[in-house]
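> Need a 3D model of the sequence below.
(chains A, B, C and D)
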Number of protein chains: 2
Amino acid sequence: MLNIRDIAKLAGVSPATVSRVINNSANVNEEKRQRVLEVLEQTGYKPNALARGLLYNKTFTLGVVVPDISNINFSEFVKGIEKEARQNSYNIILMTSGNEPEREVECFEILKEKRVDGIIFAGTILTDRHKQHLDNSNIPFVVFGQDFEYKSLISINLDNLKASYDAVRYLYSKGIKKVAMITGPLWDKSAGYDRYIGFLKASIENGINQRDLIYKDGDFTITSGYENMKKILEQDRVEAVFAANDFMALGAIKYLLDNNIKVPQDIKVVGFDDNPIAKIYTPSLSTIKIDFYNAGVLAVKAAIKCLDGIGDEKRIPIEYEIIERQSSI
Amino acid sequence: MLNIRDIAKLAGVSPATVSRVINNSANVNEEKRQRVLEVLEQTGYKPNALARGLLYNKTFTLGVVVPDISNINFSEFVKGIEKEARQNSYNIILMTSGNEPEREVECFEILKEKRVDGIIFAGTILTDRHKQHLDNSNIPFVVFGQDFEYKSLISINLDNLKASYDAVRYLYSKGIKKVAMITGPLWDKSAGYDRYIGFLKASIENGINQRDLIYKDGDFTITSGYENMKKILEQDRVEAVFAANDFMALGAIKYLLDNNIKVPQDIKVVGFDDNPIAKIYTPSLSTIKIDFYNAGVLAVKAAIKCLDGIGDEKRIPIEYEIIERQSSI
DNA sequence: TTGTAAGCGTTATCAG
DNA sequence: CTGATAACGCTTACAA
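Sure thing, here's the model as predicted:
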């Protein structure tokens, strides 16, 4: 591949002049400028970003670590990141972690080697190894999906507890006697634990004795929604079920329909996420919609502000909205 | 950030020795090696990949350009790419093009600047500007989704014509008199035109006069499936409909159900893609399943083979499979 | 076994 | 307005 000296030779000038033309800086003789531009055009020369990066100590690249890109939430998130990054002339290196803390840290180390300017990380837990890495790395970090405060971390988060609380309150507002819940794994602080606590809080406020509360913990899959709905009905005849994500909610509905229990007439169901399926399914699923795309945009904005030294906010909230559909009317 | 000279000083050795330890090459005194390793550990030092890349003229980075990452097909594709890349110690720079040829070429140029080792590109058309770029770029290219032969391009493709042909034949094999089709935009060579041609071929083979063929061109959205199903029924009472993707097929089913036409009893429907919704919808949707994840894996394998100079195949086929579900039983 | 120095491709500085 | 030079961080040939 051609370098700047090759171009200089072809145009009969010095590398410095070529550089000046490329960065259209300073004063350069018009005739020479034209000669250089012509050569540039003909050769399709592109400056080596590695060399530039080495010099400026800046790569215009952001690292992005998400658990699973084929999950629609994260692909929307990444889409927002990529769009906003591009608009600010940044690119992204995408890595997936499968939600394994080991691999997450591995990703951070690789991204550090590649000298990304910042890292956007969607994860569920912040282990000591994560912190250790953060300690000897001065790369700006934007964390999505958990609200840990740690040093200079910027965190973008949904108030999972409140969203869940609102969803359950919404169900009680319909005159329901008792709402059951299918939770996620409770070690998952955001989508597991916090959503469970919101449920707990709303239930107690509606006069349910904590000992009578009915909830089962699933793993976010359709199957676990199906199974847990079964378990719940074996235990008590509830009037409504709130699931920590849409897949489990859909699994629950499927179990109900399979057993000739009508949704929403007999049991109302509310999910979480607004997966595209929620809208299309019959009955369509009421749910909590989170704008992941926008979360991605905000994450990049925060990262870049931080890089440009005009950073300020450390905790950026993202909005949610209860979408009422057939499953809970 | 620390550099190799800082480490050298801290360990009381020369940069060369540190380098030797890092790349555990050559002979280095055991005691010094230990000293260096200790400093490495304490400081969390990571070598600068930019400097290395500059030296070796190799970045261990692949560029990936897809139309839209939030489309499940492409996110599966990217997932496969990322997994296989990682396994070979490559990373990926992800860019999205929105299927706009202008932006595609823009992506290529940026990736060239970043000196990626190879580019994996999912697109629908190869314009002159694409070719021009390819001409003065010697980066290995793997193209997914179109079977253009151009110079050293490696192309991974589904035989869309044949898959579509098989789907329509499958419907005729059920004793259907006439199959209608909702196509994609015909300028889209792979998912639009080729799938239409497969339909045409199978129809003619089953005794349909080309003039009597019924097809409408949609734009891959649910809405366009809905609208076009309506138009088809206004024109003729068909017994089956084949849609160029699942969204249009689902839109068609929705229209049928809304008008009390039973699926599959009255009209059978087959889609294309095996979108996750296809399996869950009621009635579940028969479709053609393509393994995008595996396509991603194959794309990376081909790219790396090419980089290592052991490249051979230029055209790599990917498999498909007809999935029979309720909508066409 | 170890250290010194050149070079990868670019740009900023400085001298002309 | 222009060109030579040093420097970014790393590795490797060469010399010690």
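
> what about A:L285, how many neighbours?
Residues within reach of A:L285, counting by other CB atoms under 10 Å in any protein chain shown, total 29. (Each C-beta comes from the backbone N, C-alpha and C, glycine too.)

> cool, and the one 4 residues further on?
The number of residues packed around A:K289, counting by other CB under 10 Å, is 17.

> now A:I197
One way to gauge burial is a neighbour count; for A:I197, by other CB under 10 Å, it gives 16.

> wait, it sits on A:D159?
No: contact status for A:I197 versus A:D159: not in contact, 11.2 Å apart, counting by CB atoms under 8 Å.

> Report the distance from stretch A:299-317 to the chain centre.
On the basis of CA atoms, centre = their mean, to the nearest Å, stretch A:299-317 is displaced by 16 Å from the centre of the chain it belongs to.

> Buried residues, it. List them.
For stretch A:299-317, the buried set under the neighbour-count rule, 16 or more other CB atoms under 10 Å in any protein chain shown, comprises A:299-304, A:306-307, A:316.

> mind checking how far A:L2 is from B:A51?
Using CB to CB, to the nearest Å, A:L2 is found at 21 Å from B:A51.

> Could you do A:I156 as well?
Relative to B:A51, A:I156 is positioned 33 Å away (criterion: CB to CB).

> higher neighbour count, the two?
A direct count of neighbours by other CB under 10 Å for A:I156 and B:A51 places A:I156 higher, at 25 against 16.

> list the contacts for A:V105?
For A:V105, the contacting residues are A:129-130, A:133, taking CB atoms under 8 Å, 6 or more residues apart in numbering or on different chains as the criterion.

> for the residue of the stretch 151-300 of chain A found nearest DNA strand D, helix, strand, or coil?
Among the residues of the stretch 151-300 of chain A, A:S152 lies closest to DNA strand D, at 21.3 Å counting by CB to the nearest atom of the strand. In three-state terms, and counting by DSSP: H, G, I helix; E, B strand; the rest coil, A:S152 is coil.

> Helices - which of the contacts of A:V105 land there?
Among the contacts of A:V105, the members found in helices (DSSP state H) are A:129-130, A:133.

> Narrow those residues to just the buried residues.
For the ones in helices among the contacts of A:V105, a neighbour count by 16+ other CB under 10 Å gives the buried set as A:130, A:133.

> Closest one of the ones in helices among the contacts of A:V105 to DNA strand D?
Distances from the ones in helices among the contacts of A:V105 to DNA strand D were compared by CB to the nearest atom of the strand; the smallest belongs to A:H133, at 17.3 Å.

> where's the dip in pLDDT among the ones in helices among the contacts of A:V105?
Least confident of the ones in helices among the contacts of A:V105 in the model: A:H133, at 84.

> Domain-wise, how is chain A divided?
A:4-55, A:59-158+A:292-319, A:160-289 (automatic domain parsing).

> close to DNA strand C, is the second one?
Translated: domain A:59-158+A:292-319. No: under the criterion of CB under 7 Å from any atom of the strand, DNA strand C is not reached by domain A:59-158+A:292-319; the shortest gap measures 12.3 Å.

> and the end-to-end length of that domain?
Using CA to CA, to the nearest Å, the end-to-end distance of domain A:59-158+A:292-319 comes out at 32 Å.

> Same check on the first one?
Looking at domain A:4-55, the gap from its leading to its trailing residue is 15 Å under the measure CA to CA.

> how about the strands in the stretch 51-200 of chain A?
Taking DSSP state E, counting those that start in this stretch as the criterion, the stretch 51-200 of chain A contains strands spanning A:61-66, A:91-96, A:118-122, A:141-144, A:154-157, A:179-183.

> Worst mean pLDDT among those?
Mean pLDDT, when computed for each of the strands of the stretch 51-200 of chain A, is lowest for strand A:154-157, at a mean of 90.

> so which of the contacts of A:V105 are also by chain B?
When these are filtered against chain B using CB under 8 Å from any CB of the partner chain, the residues retained are A:H133.

> between the contacts of A:V105, which is nearest DNA strand C?
Distances from DNA strand C to these, taken as CB to the nearest atom of the strand, are shortest for A:H133 (27.8 Å).

> The residue of chain A found nearest DNA strand D: helix or strand, and which one exactly?
The shortest separation between chain A and DNA strand D is 1.9 Å, found at A:N27 (distances taken as CB to the nearest atom of the strand). Counting by DSSP states H and E, A:N27 is held by no secondary-structure element, helix or strand.

> what's the burial count for it?
Around A:N27 there are 7 residues (other CB under 10 Å).

> what do you get for A:E319?
The number of residues near A:E319, taken as other CB under 10 Å, comes to 12.

> ok, now how distant is it from A:Y226?
Distance, A:E319 to A:Y226, using CB to CB: 31 Å.

> again, but for A:Y150
Following CB to CB, the distance that separates A:Y150 from A:Y226 is 38 Å.

> what's the answer for A:G123, then?
A:G123 sits at a distance of 28 Å from A:Y226 (criterion: CB to CB).

> Equivalent analysis for A:D128, please.
A:D128 sits at a distance of 37 Å from A:Y226 (criterion: CB to CB).

> Looking at these two now, which is surrounded by more residues?
In terms of neighbours (other CB under 10 Å), A:Y226 is the more surrounded of A:D128 and A:Y226; the figures are 20 against 8.

> Run a quick check on the more buried one versus A:G251, I expect a contact.
Yes: contact status for A:Y226 versus A:G251: in contact at 3.9 Å, counting by CB under 8 Å.

> Quick check, pLDDT for A:E113.
In this model, A:E113 is scored at 97, pLDDT.

> How about A:D147?
Value listed for A:D147 in the pLDDT field: 68.

> Burial check on the residue in the stretch 151-300 of chain A that chain B sits nearest to, number of neighbours?
The nearest approach of the stretch 151-300 of chain A to chain B comes at A:I277, 5.4 Å away (CB to the nearest CB). Neighbour count for A:I277, taken as other CB under 10 Å: 22.

> Let me see the contact set for it.
The neighbourhood of A:I277, defined by CB under 8 Å, 6+ apart, consists of A:246, A:250, A:285, B:276-277, B:280.

> Got the phi and psi for A:S152?
For A:S152, the backbone dihedrals are phi -90, psi 10 (criterion: degrees, to the nearest 10).

> That one is in contact with A:V142, isn't it?
No: contact criterion CB under 8 Å: A:S152 and A:V142 do not qualify, at 10.6 Å.

> Those two: which is more packed in?
Looking at A:S152 and A:V142 with other CB under 10 Å, you find the greater number of neighbours at A:V142, namely 25 against 11.
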